[in-house]
Each structure stands twice: as structure tokens, then as C-alpha cells.
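1. Give me coordinates for this.
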Amino acid sequence: MVRLKEKNIIKWVVLLPVVGILITFAVLMALFITSELDSYSKSIEILKSEYLKTSKNQSRERIEKVVSYIKSSVEFSKKRSKEEAKNIIDLGYDMIGDIYSENRDLPKEKIFEKIREKIYHVRFFENLSGYYFIYDMQGKLIAHPMSPSLEGSSFLGFKDARGKELIKDAVEALKKDSSVFSEWYWKNPKDKEPRKKMGYVRLFEPLGIFIGSARYEDDILDIVKKEAQKILMDARYDALGYVFACDYDGKIVAHKDHSLVGFHSGIAR
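-> Residues are numbered from 1 along each chain as shown. Okay, the predicted model is just below:
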């Protein structure tokens, strides 16, 4: 009986260290696994944070590039519009010069009649909204194909929608330079608010008159919008990334889903 107890004691003496080692190992493994899981979770969070940060930076860079492109397009279009206006007025100036050279012996009013016959049906710009107008240096309207009933009237004191004496200012400017660019605000009956017009006039000194034309700034910007819209509609980046654009009223003007264009997004200024 004593020997059996001794054997059991010896067995426990031998087994206890092994059990202790196993328990210690198990505890250490549990701690290691817990530590690794915690480290893995932290790594995942860091990766998520870095990915989101990188995605935001990439999105911001792409949007900034789009905005920069549109701004450049607006400036380029305005510059191109000025050059186009100058070329058109130069052409009208040459037409007046040709008529004057061929009819310089006629009374001035007869020459004006021939000039009107020549320019009345001339239209230009993309939407053919452009036309020539002619005033003399006293502010009298000589030719206006859209309002022929006003010809012969003086507009020297005429003011635009913001109080600018545009004809008087043009006359004064042309006394110093033979051609000038000008801007004013005009409200057509169909317009809710006055719109900005950009014009160019040139003095034909032998007859004491100046020829000019103008176009709404909106028309120029519409061209830029259409060009930008074409690019934005199909702009993609990464697997799912895309660019969308809304106007200040929240109306969608560009989206990967073309069927949404024209609808309100719920985003308003």
C-alpha cells in the first residue's frame, strides 16, 4: 500500500512539471494569438486609414485637375472669342472700305444705304446670333439689322442695365484709339436678369463712323460647358471611380449614368 502511494507521488512529481509546461505553453500561445490578432486588427485599421487617405488625395488631385482645365478653357475661350470678334469686325471694316472706295463721290447717306444693304444679312458666331451695328461719332445709329426702325436716332446718352453710357464711352475711347473692346450688361425681353455682353468696335475715320458687334458671355461659357461635359461624362479612374458635376442649383450636368443628366441631385448651393 505504501509502495503504491509512493508510486503515485512519484508519478505526480513527474507529471506536474509537464502539466505546468503545457499550461504555460497554452497560456503563452493564447497570449501570442491574442497579441497577433490585436496587431492584425490594428494593421488592418492602419491600412484602411492609409487607403482612405490616399483615395481622398487622389480624388482631390483629379478634381483639382478638372477644375484647372475648366478655368483654363474659360480663359482660352474668352481670348479666342476676342480674336474672333476682332477678325469679324476687321472683315466688316474692309467691306465698308470697299464700298467707300467705289462710291466716295456719292453723298454720305447714299453710301450708308449701300453699307446697310451689304451688312444687313451677314450673320456669324456658332449660333449665327452675331451681326454688325454702326454708329457715327456723334452717337447716331447708322445701321442695325435687328432694329432698323431706330436708325437715325441718337444714343449718345443711352445707358445699359447698370448705368454705363456705352455709346458715349465707345466714342470717347475711339478718339484715343482706333479700335477698342468693351463690356456692358443688356436685358432682352425674354431674359430674367441683364446679361453681360462682350463687344468690339473699330473706327472708320473717312466716314466718321464705327462698326462693331457683341456677344453674350453666356454663349461663350456654354461652349466651354459642352466641351467640359463631354470629357466629364466618360471620365473614369481606378475600378469604380468616376467624376460627376452639378450646377449651382443642384442639377446634374455630367454623370457616368447619362440618364441622370438634367435631374436634380438634391445638392444645391
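
2. Which residue ranges make up the domains of this protein?
-> 69-221, 234-269 (automatic domain parsing).

3. Now do the longest one: distance from first to last residue.
-> From its first residue to its last, domain 69-221 covers 14 Å (C-alpha to C-alpha, to the nearest Å).

4. Pull the distance from that domain to the chain's centre.
-> Relative to its parent chain, domain 69-221 has a centroid offset of 27 Å by C-alpha atoms, centre = their mean, to the nearest Å.

5. pLDDT of it, averaged?
-> Averaging pLDDT along domain 69-221 gives 92.

6. Likewise for the last one?
-> Averaged across domain 234-269, pLDDT comes to 71.

7. Make 245 the first number, not 1, from now on.
-> Understood, numbering begins at 245; the last thing we discussed is domain 478-513.

8. For Lys309, see how far away Tyr486 is.
-> 14 Å (C-beta to C-beta, to the nearest Å). For every residue, glycine as well, the C-beta is placed using N, CA and C.

9. likewise Pro438?
-> 34 Å.

10. Would you mind telling me which of those two has the busier surroundings?
-> Taking neighbours as other C-beta atoms under 10 Å, Pro438 and Lys309 compare with Pro438 leading, 14 against 11.

11. Find the residue closest to the more buried one in space, skipping its chain neighbours.
-> Ala405 (3.5 Å; C-beta to C-beta, 6 or more residues apart in numbering).

12. quick one, what contacts that neighbour?
-> 428-431, 438 (C-beta atoms under 8 Å, 6 or more residues apart in numbering).

13. Give me the subset of those residues that lies in helices.
-> The members of those all map outside helices under DSSP state H.

14. ok, these vs Tyr379, which is closest?
-> Closest approach between the contacts of Ala405 and Tyr379, by C-beta to C-beta: Trp428, at 13.8 Å.

15. Tell me if I'm right that that closest one and Phe402 touch.
-> No. Look at Trp428 against Phe402 with C-beta atoms under 8 Å: they stay out of range, at 10.2 Å.

16. Neighbour count: the two, which is higher?
-> Using other C-beta under 10 Å as the criterion, Trp428 and Phe402 rank with Trp428 on top: 20 against 14.

17. Check which helices and strands the helix or strand in which Glu416 is found sits against.
-> Following DSSP states H and E, one finds Glu416 within helix 410-418. Contacts defined by 3 or more C-beta pairs under 8 Å, 6 or more residues apart in numbering; DSSP states H and E place helix 410-418 against strand 377-380, strand 423-430, strand 439-448, strand 453-460.

18. mind listing what's buried in it?
-> In terms of neighbour count (16 or more other C-beta atoms under 10 Å), helix 410-418 has its buried residues at 410-411, 414-415, 417-418.

19. Which residues outside that helix are in contact with it?
-> Here helix 410-418 has contacts from 379, 381-383, 399-404, 424, 426, 428, 445, 447, 454, 456, using C-beta under 8 Å, 6+ apart.

20. Any of the residues you listed buried? List them.
-> By 16+ other C-beta under 10 Å, the contacts of helix 410-418 give 379, 381, 383, 399, 404, 424, 426, 428, 445, 447, 454, 456 as buried.
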